[in-house]
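Chemist: sequence isn't available, so here's the structure alone:
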C-alpha cells in the first residue's frame, strides 16, 4: 500500500512543503492495518479523540471543487459555508467529481497531493489539538500534522464550518 500512487503523491507533497508535527518531526504517511473509512474508525485505530481527525470532504461549489477539512467531531453546515463564501449552491460531491478533482476516492481523500490545487477551508475546531491526523490518499493511510501546518500546506482558510 505504501507504493500506491496516491500515497506517494501525498508524501511527496508533505516533503516538498516541509510539513511537520508538533514535535517538529516530519509528517509521514503511515499505513493502518485496515481501512478507516470514517473518523470514528480512524480515531479508534490511532487511539486518539475523534475530534483530532481532519475529515477531507469535497463539495461541489457552483461546479467548482471545495475541500473542507473538518474535525471528525463535527458536521459541516453547508448553508453557513455557502453563505460565508457567497455561493449559490454547495452540495456534497459525487464520487466521480471527487476523483476527477483529487485523483483520490472518497474515504481516503487527503488534504493535498491532488493533480492541481483545490480551494480549501480548515475547521478552526481542529486548532485545539496538538497534532491532528488526516487521510493519506487511500482509506488505510493517514498522517499527523499540526493545525498551523495543515493551513499552511493546503493554503487553506481557517473557518468555523460547523
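Modeler: Cool, the structure landed. None of the values given here were measured: they were computed from a predicted structure.
Chemist: elements contacting the longest helix along the chain?
Modeler: If each helix of the chain is counted by residues according to DSSP state H, the longest one is helix 5-17. The criterion is 3 or more C-beta pairs under 8 Å, 6 or more residues apart in numbering; DSSP states H and E, and the helices and strands that helix 5-17 contacts are strand 141-145, helix 147-154. Using the backbone N, CA and C atoms, a C-beta is placed for each residue, glycine as well.
Chemist: and the angle for that helix with helix 147-154?
Modeler: Taking axes from the mean of the first three to the mean of the last three C-alpha atoms, to 10 degrees, one finds that helix 5-17 is oriented at 110 degrees with respect to helix 147-154.
Chemist: from here on, count from 226
Modeler: Okay, using 226 as the starting number, the last item reads as helix 230-242.
Chemist: determine the number of other residues adjacent to residue 375.
Modeler: The burial metric for residue 375, expressed as a neighbour count using other C-beta atoms under 10 Å, is 24.
Chemist: ok, residue 314 next?
Modeler: The number of residues packed near residue 314 is 11, by other C-beta under 10 Å.
Chemist: quick one: pLDDT of it?
Modeler: At residue 314 the predicted local distance difference test score is 87.
Chemist: tell me the pLDDT of the closest residue to it other than its chain neighbours.
Modeler: The shortest distance from residue 314 to any residue other than its chain neighbours is 5.7 Å, reached at residue 287 (C-beta to C-beta, 6 or more residues apart in numbering). Reading off the per-residue confidence, residue 287 sits at a pLDDT of 92.
Chemist: ok, residue 287 to residue 231 distance?
Modeler: Applying C-beta to C-beta, to the nearest Å, the value for residue 287 to residue 231 is 27 Å.
Chemist: and if you look at residue 280?
Modeler: From residue 280 across to residue 231, the span is 17 Å (C-beta to C-beta).
Chemist: list the residues that contact the residue sitting furthest away from the middle of the chain.
Modeler: Computed with C-alpha atoms, centre = their mean, the residue of the chain farthest from its C-alpha average is residue 313, at 23.9 Å. For residue 313, the contact set (C-beta atoms under 8 Å, 6 or more residues apart in numbering) comprises 287, 307.
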